[in-house]
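>>> starting from these lines, generate the structure:
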Amino acid sequence: MRCYELGLGLRGAPAPPRQERLSSDPDTAVLAEVLAAAICHSTNWDRLRASVGRAAGDPEWFTAHRLAGLTPAEFQRAFGDGLAADSTFAGRHRLFTETAALVAAGELRLDWLHDAAPRVGGEGGIYDRLGRVPAFGRDPEQKKARILVQELCRTELIDPVDPASIRPAVEYHLIRLYLRTERVLPTRAEDLSKLTTPTTFRAPVIGRVRRAVESAMYFTASAAEISIPHLNQIEWQVGRSYCVRGNPRCSGPADPGKPCDETVLALADGGRCPFADLCAANADGSGLARLVEPQLSSRHDFY
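Okay, the predicted model is just below:
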């Protein structure tokens, strides 16, 4: 019921704008999207994408062979302004160079650009190919692969023949939003209480939560009469800019450090969160506004 109510509120949402490509050279742009998605866990997507885009502005330097051999110091100089200087840095360098090496060796072919009819799903489709790459395949819920496919579509680098196969990309901003809007809730009271403070859960538990959010997204998109990528783009922005981890911005404005595009702002009546009138967390004393996404151990590089 909550999915249906919130989905109705999104009916008529304007189509998202075309995403700017990371390079004017299409082949370089595809490589840039792949490598940005490979290291996009637990980081600011806008800063990361801008950092990769600046490097990709030089197609002669931004090649798979060259990037596969970047030392940690070179990686820091090229992309450090888009990444947190924390314990995850070494792991990101490894994932980045490993993925670039697979592209350079031809083990990860990026020929989607030249395929007149690229397929997302099924055997041999883009998800299947990415599943064989460590940076993408370690996550049973395919977050990075799904983000990548949606980005390739938004930048019009691919036009898949099976758009209905594009799956939701469920990350922590969406989990937090779906908990607070009561579209996904734990069945046990003790688990609900744990979600009022940042608490680390085992990966299989978080996997079940992510799959529940994915199912709820299909119900919401159906009620809204919009595609999964369209819903994903709207709710990711709402989750990170309005339904923030600390004090949710139900009455607005959106977090200026994580701006929303104009199509999402068009849904925000008076600058408020687009879900403000329907979200139970916006009601005084509900307690839902204190819910936060479950934490995953930093040894996992896909959340």
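
>>> where do the strands sit along the chain?
Assigned by DSSP state E, the strands in the chain fall at 200-201, 295-296.

>>> out of these, nearest to Val30?
strand 295-296 (28.8 Å; C-beta to C-beta). Every C-beta, even on glycine, is put in place using the N, C-alpha and C of the backbone.

>>> mean confidence score for that closest one?
Here strand 295-296 scores 88 as its mean pLDDT.

>>> let's have the chain start at 424 instead
All right, first residue 424 from here; so that's strand 718-719.

>>> before we move on, back to that, buried deepest among the strands of the chain, which one?
The highest mean neighbour count among the strands of the chain, using mean count of other C-beta atoms under 10 Å, belongs to strand 718-719: a mean of 18.

>>> which other helices and strands contact it?
strand 623-624 (3 or more C-beta pairs under 8 Å, 6 or more residues apart in numbering; DSSP states H and E).

>>> give me the contacts around the strand it packs on.
Lys617, Pro717, Gln718, Leu719, Ser720 (C-beta atoms under 8 Å, 6 or more residues apart in numbering).

>>> partner strands of it and their direction?
strand 718-719 (parallel) (DSSP bridges).

>>> which one of the strands of the chain lies nearest to Pro495?
Per C-beta to C-beta, nearest to Pro495 of the strands of the chain: strand 718-719, 24.4 Å.

>>> residues making contact with the closest one?
Contacts of strand 718-719 (C-beta under 8 Å, 6+ apart): Pro621, Thr622, Thr623, Phe624, Ala626, Ile629, Tyr726.

>>> you'd agree Trp659 is up against Glu594?
Yes: Trp659 is in contact with Glu594 according to C-beta atoms under 8 Å; the separation is 7.3 Å.

>>> and those two? Which one has more around it.
Legend: neighbour count by other C-beta atoms under 10 Å for Trp659 and Glu594, higher for Glu594 (26 against 21).

>>> identify the residue spatially nearest to the more buried one, adjacent ones excluded.
Lys566 (5.7 Å; C-beta to C-beta, 6 or more residues apart in numbering).

>>> surely that neighbour meets Ala592?
Yes: Lys566 is in contact with Ala592 according to C-beta under 8 Å; the separation is 5.5 Å.

>>> higher neighbour count, these two?
Legend: neighbour count by other C-beta under 10 Å for Lys566 and Ala592, higher for Ala592 (27 against 23).

>>> list phi and psi for that one.
phi -100, psi 100 (degrees, to the nearest 10).

>>> show me the shaky parts of the stretch 624-726 of the chain.
707-708, 721-722 (pLDDT under 70).

>>> so which of the strands of the chain comes closest to Thr494?
Using C-beta to C-beta, the strands of the chain put strand 718-719 closest to Thr494, at 28.9 Å.

>>> count the neighbours of the closest residue to Arg590 other than its chain neighbours for me.
By the measure of C-beta to C-beta, 6+ apart, the closest residue to Arg590 outside its immediate chain neighbours is Arg569, 5.1 Å from it. Neighbour count of Arg569, defined by other C-beta under 10 Å: 26.

>>> report pLDDT for Arg569.
98.

>>> quick check: it touching Pro591?
Yes: at 6.7 Å, Arg569 counts as touching Pro591 under the criterion of C-beta under 8 Å.

>>> so how far is Ala436 from the residue nearest to Arg590?
Applying C-beta to C-beta, to the nearest Å, the value for Arg569 to Ala436 is 20 Å.
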